[in-house]
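Q: Sequence first, predicted model second:
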Amino acid sequence: RIVYVNGAYLPEEEATVSVFDRGFLMADGVYEVTSVLGGKLVDFDGHAARLARSLAELDMVQPISHEALLAAHRELVARNGIEEGLVYLQITRGNPGDRDFAFPDPETTTGTVVMFTQNKPGLADSPAAKVGMKVISIPDLRWRRRDIKTVQLLYPSMGKMAAKAEGADDAWFVEDGKVTEGTSNNAYIVKNGRIITRELSQDILHGITRAAVLRFAAEAQMEVEERSFTIDEAKEADEAFVTSATAFVMPVVEIDGAKIGAGTPGRVAARLREIYLEESL
Ligand code: PDD
């Protein structure tokens, strides 16, 4: 596999980053995941816009232009022959010096830019989407700026492991009694045909897939309500699902062991997944 590091395209074995890089030492970096369907990037502009915002919120200078970023994404997709899969992009604050809690001088530091692809044949036609996911709920112990897509993913990883230990697929985070989001996706329920998902704030990541799905839902005359909901309300819902760049629209059929609706993927989720894939292909 060919990967990208600071302007160079290299075989993955030859790609290196400094041990002093703040991304490595302090999780001082941001990332984006853009899916690839039919060899094409899905919603690249949305991901690039969120990247720019994440960097700005952390006082990081974007070390690569929008055009160069797009060109590199396309180059990697072509070189690695990706038809279905994703492009991962990470930008860290780099670091020319010793470990220090203070940020290095932005004038003399260029961030580290890394990109790689993951080949995922069958991503769109995923069997998991026909079965649906089981989720558990756990407290949301992440920091309070979840709108910034940082590489601080230890707690979400622990959530995923907790889910697996219970025979589930993923975890939904709960804070002040309300669901925030999934470990790596936005969370939704459907009640009486109405789609309910938490409103945008610093509490959740502003999903690019979320924005697209809510737009498609409105175009299809579906009712959408942006507000938070509890786990109990979710358990009583007719359907539940999550969205992300890699899961698209993924039904949730069980929460903390309780079946949602009939315990099978719901019609609204299935319809939204269909529309999303049609629009993205
Ligand atoms: N995760 N919420 C969180 C916490 C996420 O990590 C993600 C994405 C989302 C969905 O955002 P989007 O629709 O823009 O992908 C919501 C990516 C896919 C990941 O970490 O792999």
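A: On my side now, so go ahead. Computed from a prediction, not measured in an experiment: that's the story for all the values here.

Q: and the stretch 51-200 of the chain, which residues reach the ligand?
A: Residues of the stretch 51-200 of the chain lying close to the ligand by C-beta under 6 Å from any ligand atom are Glu181, Ser184, Asn185, Asn186. From N, CA and C alone the C-beta is placed, and that goes for glycine too.

Q: isn't the second one right up against Tyr155?
A: No - if you go by C-beta atoms under 8 Å, Ser184 and Tyr155 don't touch, sitting 11.5 Å apart.

Q: now the helices for the protein?
A: Counting by DSSP state H, the chain has helices at residues 22-26, 44-57, 66-79, 127-131, 154-165, 208-219, 231-235, 267-280.

Q: Any buried residues in the last one, and which?
A: Buried residues in helix 267-280, defined by neighbour count with 16 or more other C-beta atoms under 10 Å: Val268, Ala269, Ala270, Leu272, Arg273, Ile275, Tyr276, Leu277, Ser280.

Q: so what's the fourth one up against?
A: For Leu272, the contacting residues are Val213, Phe216, Ala217, Phe241, Val249, taking C-beta atoms under 8 Å, 6 or more residues apart in numbering as the criterion.

Q: So the first one sits against Glu279, correct?
A: No - taking C-beta under 8 Å as the definition, Val213 is not a contact partner of Glu279, at 9.8 Å.

Q: hang on, the earlier thing: kindly indicate which of the buried residues of helix 267-280 lies nearest the ligand.
A: Comparing those against the ligand with C-beta to the nearest ligand atom places Tyr276 closest, at 10.5 Å.

Q: what residues go with each domain of the protein?
A: Following automatic domain parsing, one gets these domains for the chain: 2-119, 127-280.

Q: Now tabulate these in TSV and tack on mean pLDDT.
A: Converted to TSV, the domains of the chain look like this (pLDDT from 0 to 100):
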stretch	mean pLDDT
domain 2-119	97
domain 127-280	98
